[in-house]
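Visitor: Build the 3D model from these lines:
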Amino acid sequence: MNSPPHPHAPDGAGADSYTAEEIHALKGIFALYDPDKTGSIPASELESLLEKIGYTGDSKQDILAASKELSNVTFEEFLQLIEKGQPQQPGEGPDPKVMEFLRILEEYRLKCEDEGDYLEAGRAQEQLETLRRQEEKRQQKAVRARQIAERSDVQIAHNMQYQDFNKAWDRYLEEYDKMAQMYIQQMTERHAVNLLDFQRNLQSQMAEKPPKWSRELLEWRRRQHMLARQKNYAEAQRIKKIADKLEDKERKGVEQDTAIIFARKEAQFRQQQQAELQALLKRIDARRKEHIKQRNLDSKRLMQRNRNVQAVLESKQAVESNRIFSEIRKNLAQITAPRPRVNEASGMGQTGGSKRKTKKSTLQQTQQNVAVEE
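Guide: Predicted structure coming up:
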């Protein structure tokens, strides 16, 4: 009967990288090539041992190259060699160390089954199933993490795109507002100049227009000039005073009327300018509202396009997940799938007659154990 796994890994090179179950299983496989229990195997048997636990190609050749100076390989040296030969773990691919241990457990389970240690074989089978499920979940989690990162990258790109979109529109509206203020300022300055010209022209026109005197004032002036021609200067002087007084009164009235007319015409001119300014402000405001409406429309289109991209990505990832998860289950199932049973002696032809004897003695020992149990 095989002894249960040690609770702690044994001392030695490479032991820290393997669990107690892994070391126990590796020892079981290593023992197939060490029938005399010497604790070491010939270096010539290392290639066969590596192939049995799943090392092929470059990884196997690297380990063999590292052991070319050794004539015999101890178990601790064997651990050291396979630890160095482990490839780096990919992000979401199979974990080489786990896949290696799955192969080791499968070989160990077959060994225990061949030796009649069915409890240990069952325990190895349970570990196989548990480890396979854990590795399946790990690979699935890695795929999901990568897909989440992809969606996050797309969302970040969309957020940056939306920020750039808003910044571009903010700059455009800011430039538009500056241009609008420039137009308003130009019109205001032009209105001030035009108003000044209008006031000057109106004052000039009203100053050039002779006052319209009353018939009474004109009659007093006629009498004044007539008396003066008659050399009646005393009476002419008296009439002149009366006429001057009446003229002053009428002049003040004319000035008041002129001021009223001037104010009315100026107010009308200002009103025209204000209407022109209001029309400009209305056009500016209407145009700005059109820009904001277009911005909102473009924003909705951009957000909808980004949502469509996210939906397509999620749909693509769902199809990808189904395909990858199916491949993961298939690859893991192949490791623990039933294999054609080959006699250990024929499968280890390079180990010589001593191993065939060991296999035979092991079978005899198993039969004796069964007989004793009966």
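
Visitor: Number of residues surrounding D285?
Guide: For D285, the count of nearby residues is 11 (other C-beta atoms under 10 Å). All C-beta atoms are positioned from the backbone trio N, CA, C, and that covers glycine.

Visitor: My error: substitute A279 in the last question.
Guide: 11.

Visitor: And the residue nearest the centre of the protein?
Guide: Nearest to the geometric centre of the chain sits I156, at 2.1 Å (C-alpha atoms, centre = their mean).

Visitor: Check which helices and strands the host helix or strand of that one sits against.
Guide: Per DSSP states H and E: I156 is located in helix 118-208. Here helix 118-208 touches helix 96-114, helix 233-335, going by 3 or more C-beta pairs under 8 Å, 6 or more residues apart in numbering; DSSP states H and E.

Visitor: Make TSV out of the ones you listed and add distance to S71.
Guide: Shown next, in TSV, are the helices and strands packed on helix 118-208 (distance: least, C-beta to C-beta, whole Å):
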stretch	distance to S71
helix 96-114	25
helix 233-335	33
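
Visitor: Of the ones you listed, which is nearest A149?
Guide: Set against A149 and scored by C-beta to C-beta, the helices and strands packed on helix 118-208 come closest in helix 233-335, at 11.1 Å.

Visitor: What's the mean pLDDT across the closest one?
Guide: Taken as a whole, helix 233-335 has a mean pLDDT of 92.

Visitor: how far does that helix sit from the chain's center?
Guide: In terms of C-alpha atoms, centre = their mean, to the nearest Å, the centre of helix 233-335 is set 38 Å apart from its chain centre.

Visitor: orientation of it relative to helix 118-208 in degrees?
Guide: When axes from the mean of the first three to the mean of the last three C-alpha atoms, to 10 degrees is applied, the directions of helix 233-335 and helix 118-208 differ by 170 degrees.

Visitor: Quick check: which ranges of the protein have low pLDDT?
Guide: Low-confidence segments of the chain (pLDDT under 70): 1-19, 21, 54, 85-92, 336-374.

Visitor: A20: neighbour count?
Guide: Neighbourhood size, A20 [other C-beta under 10 Å]: 15.

Visitor: is it true that R221 touches I242?
Guide: No. When contacts are counted by C-beta atoms under 8 Å, R221 is not listed as touching I242 (10.0 Å).

Visitor: can you list the domains in the protein?
Guide: With domains defined by automatic domain parsing, the chain comprises 15-147+323-373, 170-318.

Visitor: most packed of those?
Guide: Among these, domain 15-147+323-373 has the highest mean neighbour count (mean count of other C-beta atoms under 10 Å), at a mean of 16.

Visitor: Serialize the domains of the chain to TSV and add fields for distance to Y162.
Guide: Listed next are the domains of the chain as TSV, based on distance: least, C-beta to C-beta, whole Å:
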stretch	distance to Y162
domain 15-147+323-373	22
domain 170-318	7
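
Visitor: which one of these lies closest to Q161?
Guide: domain 170-318 (7.2 Å).

Visitor: Let me see the contact set for L195.
Guide: Contacts for L195 (C-beta atoms under 8 Å, 6 or more residues apart in numbering) come out as 266, 269-270, 273.
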